[in-house]
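K.L.:
Need the 3D shape of this:
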Amino acid sequence: MPQLEVDGAALTYDDEGPRDGGGVPLVFVHGWTANRHRWDHQTAHFSASRRVIRLDLRGHGGSTGAGVRTIRHLADDVLALLDHLEVERFVLIGHSMGGMIAQTIALAHPERVERMVLVNSIGRMAYNRGRGLLMAASTLVPYKLFVATNIQRAFAPGHPREEVRAYVRSSADTPREVVMTLYGAMRAFDVLDRAGEIRTPTLMIHGYHDIQLPVRQMLRMAKAYPDATVRILDAGHELPVEKPAELTAAIDAFVTVPSAAGTAS
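P.N.:
Numbers count the residues shown, from 1 in each chain. Have a look, this model is predicted:
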């Protein structure tokens with residue numbers, strides 16, 4: 001897999017699909033403790049007809065690098081990769097923390113973002129008491145137990161156990177220092193008061209059973225966006241792998257057919 005050296009990290013990425021396909025490239029950004037393979041279903045679908053770019057964020061998957069303390073730093077990594085690939089304008093699709101990165105880019109460079117899709121993401125971190133206690137206990141329990149608890153909570157009840165275990169194992173490969181430092185970066189993330197500045201047409205698609213980033217927090221953000229379309233699916237926090245076909249279809253409809261401003265559910 002190709003890699004790009006950026007500010008002390010080697011970023012592993014995929015750049016697939018025809019350069020002369022319909023529309024600007026699609027750029028997929030994964031979430032906390034995940035990797036670019038969260039987007040396997042979407043990449044397989046879209047790369048048949050258009051250019052698709054996805055990466056492992058620093059310290060995740062096949063990328064090296066230490067944790068960073070701001071979401072803006074991760075956004076700069078993504079932009080450095082796109083500049084390297086000579087991609088000026090694009091559609092951004094971000095899951096969870098990846099959605100925070102997407103919003104950061106849309107605020108800093110609105111002229112480059114044609115459309116944006118936020119999957120299980122929000123504009124300001126606000127943990128409930130249970131989530132706060134779990135994170136506070138993170139330094140007191142074995143790291144793999146901490147990761148397992150977080151990942152198991154991310155899936156809606158009834159998701160196949162063996163698949164959940166596979167994602168637990170994958171997430172536990174992310175170095176603890178990276179995971180905990182980026183937890184601090186997410187806690188500090190807050191663009192909710194600037195949401196009205198994001199005029200990029202945006203699809204916000206969320207799992208009804210998401211207890212990591214509850215749907216009500218996303219709806220609060222959606223109200224502030226000038227051009228937001230909302231979809232809520234019967235899933236938890238891991239929409240890319242819980243409902244891959246439904247998510248792909250929703251993205252496809254949004255990025256290929258012009259949509260009017262407004263909110264639907």
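
K.L.:
which residues make contact with the helix or strand harbouring Phe146 from outside it?
P.N.:
Secondary structure from DSSP states H and E places Phe146 in helix 143-154. By Cβ atoms under 8 Å, 6 or more residues apart in numbering, the residues outside helix 143-154 that reach it are 33, 134, 137-138, 164, 167-168, 171-172, 174, 176, 179, 211-212, 236-238. (Each C-beta comes from the backbone N, C-alpha and C, glycine too.)

K.L.:
Now do the strands in this structure.
P.N.:
Under the criterion DSSP state E, strands of the chain are mapped to 3-6, 9-16, 26-29, 52-55, 90-95, 113-119, 202-207, 228-233.

K.L.:
what about those strands, which gets the closest to Val191?
P.N.:
Nearest to Val191 among the strands of the chain is strand 113-119; the distance by Cβ to Cβ comes to 11.5 Å.

K.L.:
what about the stretch 151-265 of the chain, any weak spots by pLDDT?
P.N.:
Scanning the stretch 151-265 of the chain for pLDDT under 70 picks out 257-265.

K.L.:
List the contacts of Ser96.
P.N.:
Here Ser96 is in contact with 30-32, 34, 119-121, 212-213, 237 (Cβ under 8 Å, 6+ apart).

K.L.:
For the chain, just list every one of the helices.
P.N.:
Along the chain, the stretches classed as helices by DSSP state H are 40-46, 71-84, 97-108, 129-136, 143-154, 161-172, 176-188, 215-224, 239-242, 244-256.

K.L.:
Turn those helices into TSV, including mean neighbour count and distance to Asp7.
P.N.:
TSV is the format used below for those (neighbours: other Cβ atoms under 10 Å; distance: least, Cβ to Cβ, whole Å):
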stretch	mean neighbour count	distance to Asp7
helix 40-46	18	26
helix 71-84	19	7
helix 97-108	25	15
helix 129-136	12	27
helix 143-154	18	26
helix 161-172	15	24
helix 176-188	16	14
helix 215-224	18	29
helix 239-242	23	27
helix 244-256	17	30
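
K.L.:
How much space separates the residue nearest to Ala235 when sequence neighbours are not counted from Leu219?
P.N.:
Of all residues not flanking Ala235 in the chain, Gly207 sits nearest, at 3.7 Å (Cβ to Cβ, 6 or more residues apart in numbering). Gly207 sits 13 Å away from Leu219, taking Cβ to Cβ, to the nearest Å as the criterion.

K.L.:
and the closest residue to Gly184 other than its chain neighbours, what does it touch?
P.N.:
Using Cβ to Cβ, 6+ apart and skipping the chain neighbours, the partner closest in space to Gly184 is Arg69 (6.1 Å). By Cβ under 8 Å, 6+ apart, the contact list for Arg69 reads 181, 184-185, 188.

K.L.:
Then Leu4?
P.N.:
Leu4 sits next to 10-11, 13, 80-81, 84 when contact means Cβ under 8 Å, 6+ apart.

K.L.:
Go again with 7 Å.
P.N.:
Residues in contact with Leu4 (Cβ atoms under 7 Å, 6 or more residues apart in numbering) are 11, 13, 81, 84.

K.L.:
ok now do the residue nearest to it when sequence neighbours are not counted, which residues does it touch?
P.N.:
Spatial nearest neighbour of Leu4, chain neighbours left out: Leu11 (4.9 Å); criterion: Cβ to Cβ, 6+ apart. Counting by Cβ under 7 Å, 6+ apart, Leu11 touches 3-4, 55-56, 58, 63, 77, 81.
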